[in-house]
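[1] Give me coordinates for this.
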Amino acid sequence: MSEYKGIKGFQVTTRTEDPVPYAQALANNPYGGVWSSGGALNEGRESAGSSGTLPAGQYAGGYNITAKVENYNGTSWTEVSDLNTGRRQLKAAGTANTANIVFGGDTSGNATGLVANTESWNNSSWTEVADLNSARSRMTSSQYGSTTAAIAAAGSLPSPSFSAITESWNGSSWTEVADLSTVRRLAFGSGTSTSMIVASGITTGPALTTAVESWNGSSWTEIAEANTPRDSGGSAGVSNTSGLIFGGTSPTRTAKTEDWNGSAWTEVNDLSTAESDNDGAGTSSAAWVAGGNGYETRTEEWSFSGLDPSTTPAADYADAITGDFYYNSTTGQFKTVNNGGAPIGTWSSGGNMNTPRGGGAMAGLSTAAMIAGGSNATVGYLNSHEQYDGSSWAETTDLNTSRRYNTGGGTQTANLVMGGAVPPGDTSSNAVEQWDGSSWTEIAEINTARRLGRSSTSGTTTAMLLFTGSDPGPGTLGLLNVELWNGSSWTEVNEMNTLREGTGANGISTSAVAGGGISGPPFSPGNAAETWNGTSWTEVSEINTARSYAGGGGTSNTDVFIWGGGQPVADNGAKTEAWNGSAWTEVNDLALGRDSYANGAGSATSAINAGGYNGGQSPTNVANTEEWAADDFQIKTVTTS
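    Numbering: from 1, shown residues only. Next comes the predicted model:
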């Protein structure tokens, strides 16, 4: 008898336990930022100037008005040379604790004690250098700046007490540059002299604000607002696309932490203790915070733990072990590692949208998705735009044009929204908007206005396929024409075989599937399916359950699935089917049926459905989210008898 090695060329591997699918490993050990205790300050205080990045930090001045300075090494604080001028409510800049600057502040606790002087630290002593043009306290700064490049913005002047003034430091002098759009003090700031953000704070009134502005080295731009209005807290970050804000007053002390990724603010893990007048610095992945109201000595450190999806891609992990054959010595069984995917996936509940809707445009995956437009029983045409981080939705910059029955595709940070119906008169639109991670821009229009169309949702902003739909709307025969986007213009390509609107399924610009939809007369859900190969459409096996206005996810014409749908009200609002390139297979149902206008996107292993209508064309719109997850592989026991 031949040995296994002689047949296959390798010996059977022996393992004491089964390999864990990456998706499950990530679920068991999720990647997330957490706060943990650090070393205590030698002298408790509040409202100091903070700078540096873990493991190095510096905490200078503060209240009760002091000149004391302490340096951090990631474990403990050490007193170093005092400032020349003791003060509170000052600001600082620097990336270590060996070369920093501090500026401004208050020497008496009132407007008469405001100072403009700047001091520079050379790792042994402080030297007074050029003053600010405007003496002030309660500013914000580019904490990740340096002794030769920094920004001081906003703050309190003798009169008025709220400022929008911005000054730039070049290593020898301060120069006034463009003002903030919103006057404020006690705001949160982070970044460099050419790329920073100013968030929240207190404005005239006085009133807390959620307003955020981004600095590009020459001007300020208003961007997505923070979730929680607050002042007098800590911040960290290296640019206008990456930062943290934490603690503060809102209007009482808070422990909330928010993360900025360049397009949206997301609430992440809280500080261990609610605190205000605390100060911190660092990056969005390695930050620290110290002190606080009541002369606290507490220090906390922000860091990440768990498996990092960006450095351990699920696909790479699966490819490395798919096809493996091994012996589990613990269970006494021979086992194989097979391909996974849609047939072994399940739906689970996610966070609710802020605005319930159906018929909107979606893009992304279950861990990073977006939705824009649509309608509900209260608002006929929406321009609201929300982004999902895998647990909660955050409202961000609205579309330029309110619309419903629109479609979209791409990723959370780079996508297109196309067509739809717009007021007045529920007119079919040919308008297209592109999202670049911070704002919407109107780009070249599609050739044929349509609503209830479908796009290659996993496509890109430079390669998108748009197909099906109708004009002017339900009751017409739908559209056969198909358009392809190349990043600058839309071109009509080969038509579909079946006239319809409201199909489900997905793909990319060169490889897509359309399933179901409604056509007529008679106008009823269909089960026809077609695949696109980049050149033409081919009719393939029909879906098992006729449906229309369904959701779908997938990345090619051999790996997609379709869910929900149905019109009028039918019993298929929860059914899910997977396509493997040759046949449709029923898999696990949605928890909540979506009889029409399901909003969906994603891949066969990570998809999302948000909202939709529960009850056909009735106005029962929903806000709930469901996430689809399927392991990249599955382990099966081999029968040896």
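[2] so what's the backbone phi/psi at the residue nearest to Thr585 when sequence neighbours are not counted?
    For Thr585, ignoring the flanking residues on the chain, the nearest one in space by Cβ to Cβ, 6 or more residues apart in numbering is Ala578 at 5.1 Å. In this view, the C-beta of every residue, glycine as well, is placed from N, C-alpha and C. The phi and psi values for Ala578, taken as degrees, to the nearest 10, are phi -110, psi 140.
[3] got a pLDDT number for the residue lying closest to Asn544 once chain neighbours are set aside?
    Counting by Cβ to Cβ, 6+ apart, Asn544 lies nearest to Trp584, which is 5.4 Å off, once chain neighbours are set aside. With respect to pLDDT, Trp584 scores 93.
[4] Am I right that Trp584 is in contact with Thr576?
    No. Applying Cβ atoms under 8 Å, one finds Trp584 not in contact with Thr576, separated by 10.4 Å.
[5] For the stretch 51-200 of the chain, which segments are assigned as strands?
    For the stretch 51-200 of the chain, the strands defined by DSSP state E, counting those that start in this stretch occupy 57-60, 69-72, 77-80, 91-93, 100-103, 118-121, 126-129, 140-141, 150-153, 166-169, 174-177, 188-191, 196-199.
[6] Just the buried residues of stretch 218-230, please?
    Residues of stretch 218-230 classed as buried: Trp220, Ile223, Ala224, Glu225, Ala226, Asn227, Thr228, Pro229, Arg230 (neighbour count, 16 or more other Cβ atoms under 10 Å).
[7] picking that back up, which residues touch the residue nearest to Asn544?
    Trp584 makes contact with Gly515, Ala529, Ser541, Glu542, Ile543, Asn544, Glu577, Ala578 under the criterion Cβ atoms under 8 Å, 6 or more residues apart in numbering.
[8] Derive a ChimeraX selection command for the buried subset of these.
    Burial among the contacts of Trp584 is assessed by 16+ other Cβ under 10 Å; the matching ChimeraX selection reads:
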select :515,529,543,577,578
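[9] excluding its backbone neighbours, what's nearest Asn278?
    Among residues not flanking Asn278 along the chain, Gly292 sits closest, at 4.1 Å (Cβ to Cβ, 6+ apart).
[10] Regarding the one you found, what is its secondary structure?
    Put simply, Gly292 is coil when judged by DSSP: H, G, I helix; E, B strand; the rest coil.
[11] Mind putting the strands of the stretch 51-200 of the chain into JSON lines with mean pLDDT and mean neighbour count?
    Below are the strands of the stretch 51-200 of the chain laid out as JSON lines (pLDDT from 0 to 100; neighbours: other Cβ atoms under 10 Å):
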{"stretch": "strand 57-60", "mean pLDDT": "98", "mean neighbour count": "28"}
{"stretch": "strand 69-72", "mean pLDDT": "98", "mean neighbour count": "24"}
{"stretch": "strand 77-80", "mean pLDDT": "98", "mean neighbour count": "16"}
{"stretch": "strand 91-93", "mean pLDDT": "97", "mean neighbour count": "29"}
{"stretch": "strand 100-103", "mean pLDDT": "98", "mean neighbour count": "29"}
{"stretch": "strand 118-121", "mean pLDDT": "98", "mean neighbour count": "22"}
{"stretch": "strand 126-129", "mean pLDDT": "97", "mean neighbour count": "15"}
{"stretch": "strand 140-141", "mean pLDDT": "96", "mean neighbour count": "30"}
{"stretch": "strand 150-153", "mean pLDDT": "98", "mean neighbour count": "28"}
{"stretch": "strand 166-169", "mean pLDDT": "98", "mean neighbour count": "23"}
{"stretch": "strand 174-177", "mean pLDDT": "98", "mean neighbour count": "15"}
{"stretch": "strand 188-191", "mean pLDDT": "96", "mean neighbour count": "29"}
{"stretch": "strand 196-199", "mean pLDDT": "98", "mean neighbour count": "29"}
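[12] Would you mind giving these as a markdown table with distance to Gly364 added?
    A markdown table is the format used below for these (distance: least, Cβ to Cβ, whole Å):
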| stretch | distance to Gly364 |
| --- | --- |
| strand 57-60 | 36 |
| strand 69-72 | 39 |
| strand 77-80 | 43 |
| strand 91-93 | 36 |
| strand 100-103 | 40 |
| strand 118-121 | 45 |
| strand 126-129 | 48 |
| strand 140-141 | 32 |
| strand 150-153 | 33 |
| strand 166-169 | 35 |
| strand 174-177 | 37 |
| strand 188-191 | 26 |
| strand 196-199 | 23 |
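[13] To Ser348, which of the ones you listed lies closest?
    Among the strands of the stretch 51-200 of the chain, the nearest to Ser348 by Cβ to Cβ is strand 196-199 (32.8 Å).
[14] Residues in contact with the closest one: which ones?
    For strand 196-199, contacts defined as Cβ under 8 Å, 6+ apart pick out 140, 142, 144, 151, 153-154, 180, 184, 187-191, 211-215, 220, 223, 226, 235, 237, 239-240, 243, 245, 260.
[15] Adjacent strands (with direction) for that strand?
    Under the criterion DSSP bridges, strand 196-199 sits next to strand 188-191 (antiparallel), strand 212-215 (antiparallel) in its sheet.
[16] Give me the distance between the first one and the centre of its chain.
    Put plainly, it is strand 188-191. Put simply, strand 188-191 sits 19 Å off its chain's centre (Cα atoms, centre = their mean, to the nearest Å).
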